[in-house]
Every structure is written in C-alpha cells, then in structure tokens.
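Engineer: have a look; sequence and predicted model below, questions after that.
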Amino acid sequence: MRFVVLLLIATSAAAQPSAPRAPEGWAWSLDGPANLSAGGKAIGTDSLFEFALMAPGWHLTMGPGAVVHDPRETADHRFWLTAELILFPDASIQGEYGIFVGGKALDGGTKQWYAFVVRGDGSAAVMHRAGPDTHTVMPWTKHAAVKARPADATVTNVVQLRAEPDSIRFLVNGQPLTAFARSDLDVNGPFGLRVGAGVNLHVTNLDLTRRLAPFPQRR
C-alpha cells in the first residue's frame, strides 16, 4: 500500500506543469533595480520582472523597462531584424515595445543601444540609450500602420529593421515609417528586445536575416 501511495504522489508531481523559466543563455539590462520573478506575475511591481520561455517564443511582464538579448548573437553589415509582438490589455499603454540593435557595454554604466519601438496608443519612435540617458531619435508619432491596443483585447504588431549598406529603415506591419543614413546610426553588435516599464508582452519570434545578395547600385 505504501508503494502505491508513493507512486501516486510521484505521478501527480510529474503531471504538474513546470514553472516558467528564463531562456537559457539570455541576458538583460534593466532601467532600474529589479529581480527576476520565479514565475509569478510582475506587472505593476517595480521590484520584479518576468522573462519566461513560453512556446512559441517568450513572455515578458515588466516592472522597470529593459533590453533582453542572447549574447551569443550579433548583427552587422547587411541584415533584417523582425519581431512579432503581442501586447496584452493589462499593460501600460505608454510603455514601449520593439527591437533594439547596436548594443554596447550592456552590463555597465556606459551602455548604448538604438531601439525601434511602438506603444499601445498606435504611435512609434526611435530611441537611443547612451550611458544613463535615453533620448528620441524619432519622436513619438502616431502612424496608421501601428495597431493601437483595444481596451480589453490583445493587439499584434510586427516590427522590422532593415539595415542596408546605405540606409537603416524602420517598418511596422510591412509599412515604412522612417529611414536614416547608415552612417547616422551604429546598429552593429548585440540585438534583442526592448520592453518598457509596465508592459505585458508575448513575443512569438525574433528573426535575424542576413542579406547576402548583391545590393543594387544606384544610377
């Protein structure tokens, strides 16, 4: 009888779903002090955040904002970076979400990155972090291509950066929003996700495409 009871306990324990875990090998750089949650909801809690592997993709529930990335991956030369992002209705409508590129010294006080982001009110911006300061390269602007978040439903936006030999192009849902000369932004280096304070976000993919075909020459 004791064997049967122990077997039932073991079977029951094995059937329990495992707690969400952070993606192996990934790193994060936070805007303020916070601890990684053991799987509980962190939204609205300044001292906690959640970053969990949740197929397909990852789920992030933020206290402070952060950039998250896989240090084993970098982007340079000619590339496209694309992310499909699902914003949940209990997220801050002012919190930004999108992709970042050009990461440098991400674990120190001289960190740098460029972020191409949208937010729940249907606007988009390009942000630059340099040490302790963050400023906008393109100010927040509403655009028809950016889907605003309904009051009680999720919304999905696909954010893309196209780094070409002569330009950096920012697109949302396949529509161009803005472009910069390649020489104006240093986008080479670590890349990943930028998620602002209070955002509850699911990321279904983060895809890097290296463009190897010859770039057309301008006439």
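Structural biologist: Noted; the coordinates are in hand. Residues are numbered from 1 along each chain as shown.

Engineer: element containing the most centrally placed residue in the chain?
Structural biologist: Residue closest to the average C-alpha location in the chain (CA atoms, centre = their mean): residue 193, at 2.2 Å. Using DSSP states H and E, the element containing residue 193 is strand 189-195.

Engineer: state the distance from the residue lying closest to residue 111 once chain neighbours are set aside to residue 137.
Structural biologist: Distances taken as CB to CB, 6 or more residues apart in numbering place residue 105 nearest to residue 111, at 5.1 Å, with adjacent residues excluded. (C-beta placed from N, C-alpha, C; glycine too.) Using CB to CB, to the nearest Å, we find residue 105 at a distance of 19 Å from residue 137.

Engineer: of these two, which one has the most company?
Structural biologist: The neighbour comparison of residue 105 against residue 137 (other CB atoms under 10 Å) goes to residue 137, with 16 against 13.

Engineer: now do the contacts for the residue nearest to the centre of the chain.
Structural biologist: Residue 193 makes contact with 58, 60, 67, 68, 69, 83, 97, 98, 99, 100, 203, 206, according to CB atoms under 8 Å, 6 or more residues apart in numbering.

Engineer: distance of it from residue 66?
Structural biologist: Separation of residue 193 from residue 66 (CB to CB) stands at 8 Å.

Engineer: same deal with residue 204?
Structural biologist: 19 Å.

Engineer: kindly report the same for residue 209.
Structural biologist: Taking CB to CB, one finds residue 209 at 25 Å from residue 66.

Engineer: where does the protein dip in pLDDT?
Structural biologist: Within the chain, the segments meeting pLDDT under 70 span 1-20, 38-46, 218-219.

Engineer: break down it into its helices, ranges please.
Structural biologist: Residue ranges of the helices in the chain, as given by DSSP state H, are 2-15.

Engineer: ok, residue 209 and residue 66, which is more surrounded?
Structural biologist: Per other CB under 10 Å, whichever of residue 209 and residue 66 has more neighbours is residue 66, with 23 against 13.

Engineer: ok, back up a step: tell me the one of the contacts of residue 193 nearest residue 113?
Structural biologist: residue 100 (4.5 Å; CB to CB).

Engineer: so what sits opposite the closest one in the bridge?
Structural biologist: Counting by DSSP bridges, residue 100 is bridged to residue 115, residue 192.

Engineer: so it sits right up against residue 111, yeah?
Structural biologist: No: Residue 100 is not in contact with residue 111 according to CB atoms under 8 Å; the separation is 10.6 Å.

Engineer: burial of residue 141, as a residue count?
Structural biologist: 14.

Engineer: please name the nearest non-neighbouring residue to it.
Structural biologist: Closest to residue 141 by CB to CB, 6+ apart is residue 123, at 5.7 Å.

Engineer: and that neighbour, how far is that from residue 129?
Structural biologist: From residue 123 to residue 129 the distance is 19 Å (CB to CB).

Engineer: residues contacting the residue nearest to residue 93 when sequence neighbours are not counted?
Structural biologist: Closest residue to residue 93 apart from its sequence neighbours, by CB to CB, 6+ apart: residue 120 at 3.6 Å. The contact partners of residue 120, taken as CB under 8 Å, 6+ apart, are 87, 91, 92, 93, 94, 95, 148, 149, 155.

Engineer: run the last query once more with 7 Å
Structural biologist: Shown in contact with residue 120 (CB atoms under 7 Å, 6 or more residues apart in numbering): 87, 91, 93, 148, 149.
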